[in-house]
Each structure stands twice: as C-alpha cells, then as structure tokens.
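Novice: My questions concern the predicted model and sequence given below.
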Amino acid sequence: MPSILTIDNQVMCPHGGQAILTSTNSLFTVDGSPALLESDIHPIVGCPFTVGVVYSPCVLIEWTSGAETLTVNDTGVLLETSVGLCSNAAGAPQGPAVIVDATPEVDAI
C-alpha cells in the first residue's frame with residue numbers, strides 16, 4: 001500500500017529544486033504532522049533549470065491525484081503514488097515532482 005505524504009516528507013522538482021511543503025489540512029495528521037492534500041500547492045526554491053540560456057526555474061507543484069478513499073473535507077490525501085506537476089512562473093509544465101522519501105510505516109488505500 002502507498003504511504004501518506006505529510007509536511008515532514010521531502011519532495012523536489014526533477015531538476016533538484018526543493019518543495020516547501022505546507023498544508024491547508026489541520027484535521028488529519030500523521031505522528032503530529034499534517035497530511036498533504038491534493039488541493040495543496042507547494043512553492044519550489046532552488047531550481048537551476050534553464051532552457052538554452054534562459055533561466056526557467058520550477059516555482060510550484062500542483063497535484064493531480066490523491067487518495068480516493070482517504071479524504072479530508074472531500075479532498076484526497078496525497079500518497080507516495082500521487083502525481084505532482086512542476087511548473088515555471090509562466091505556468092508551463094517542466095516535469096513531474098520527485099517524492100524523495102515517504103513515511104513507510106503509514107499506509108493508505
């Protein structure tokens with residue numbers, strides 16, 4: 001079963017930028033840390049991506065899939081199998097989010 005993602009996990013853009021994980025969720029926690037929700041949007045810092053000579057860093061992650069059966073206020077909780085799309089400041093997609101670690105002892109369906 002896939003693990004639940006919380007604000008304590010580490011998520012990066014495909015170029016190595018670090019996501020700042022925060023959540024609007026205050027109802028469902030895992031070991032005291034709020035679980036991330038499909039509706040959460042995470043800023044990215046430190047992305048070095050360039051297109052040719054133009055600096056085009058990833059600046060945010062938007063999620064397209066969360067848990068179907070585990071929800072908070074009808075919004076899916078993020079799992080290690082969830083898909084996040086990293087975008088630049090113009091909103092252009094630049095690749096999938098990379099979930100570096102998940103909490104293996106906390107599973108969801």
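Specialist: That came in fine, so what should we check first?
Novice: low-confidence ranges in the protein?
Specialist: For the chain, the stretches with pLDDT under 70 are 102-109.
Novice: what about the nearest residue to D8 once chain neighbours are set aside, neighbour count?
Specialist: Residue nearest to D8 in three dimensions, not counting chain neighbours: S33, with 4.5 Å by CB to CB, 6 or more residues apart in numbering. To be clear about C-beta, it is placed using only N, CA and C from the backbone, and glycine gets the same treatment. For S33, the tally of surrounding residues (other CB atoms under 10 Å) stands at 17.
Novice: list the contacts for S33?
Specialist: T6, I7, D8 (CB atoms under 8 Å, 6 or more residues apart in numbering).
Novice: count of neighbours near the last one?
Specialist: Spelled out, it's D8. A total of 14 residues lie near D8 under the criterion other CB under 10 Å.
Novice: likewise the one 4 residues further on?
Specialist: Other residues lying near M12 total 19 when counted by other CB under 10 Å.
Novice: Does T29 touch T6 like I think?
Specialist: Yes. Contact criterion CB atoms under 8 Å: T29 and T6 qualify, at 7.5 Å.
Novice: Please enumerate the shared neighbours of these two.
Specialist: A35.
Novice: So which of the two has more stuff around it?
Specialist: More crowded of T29 and T6, by other CB under 10 Å: T6, with 23 against 13.
Novice: quick one, phi/psi of that one?
Specialist: phi -130, psi 180 (degrees, to the nearest 10).
Novice: so it sits right up against D40, yeah?
Specialist: No. T6 lies out of contact with D40 (CB under 8 Å); the separation is 11.1 Å.
Novice: Between the two, which contacts overlap?
Specialist: Joint contacts of T6 and D40 (CB under 8 Å, 6+ apart) are L21, S23.
Novice: tell me the contacts of the nearest residue to D101 once chain neighbours are set aside?
Specialist: In this structure, D101 finds its nearest non-sequential neighbour in Q10, 5.1 Å apart by CB to CB, 6+ apart. Q10 makes contact with Q18, A19, I99, V100, D101, according to CB under 8 Å, 6+ apart.
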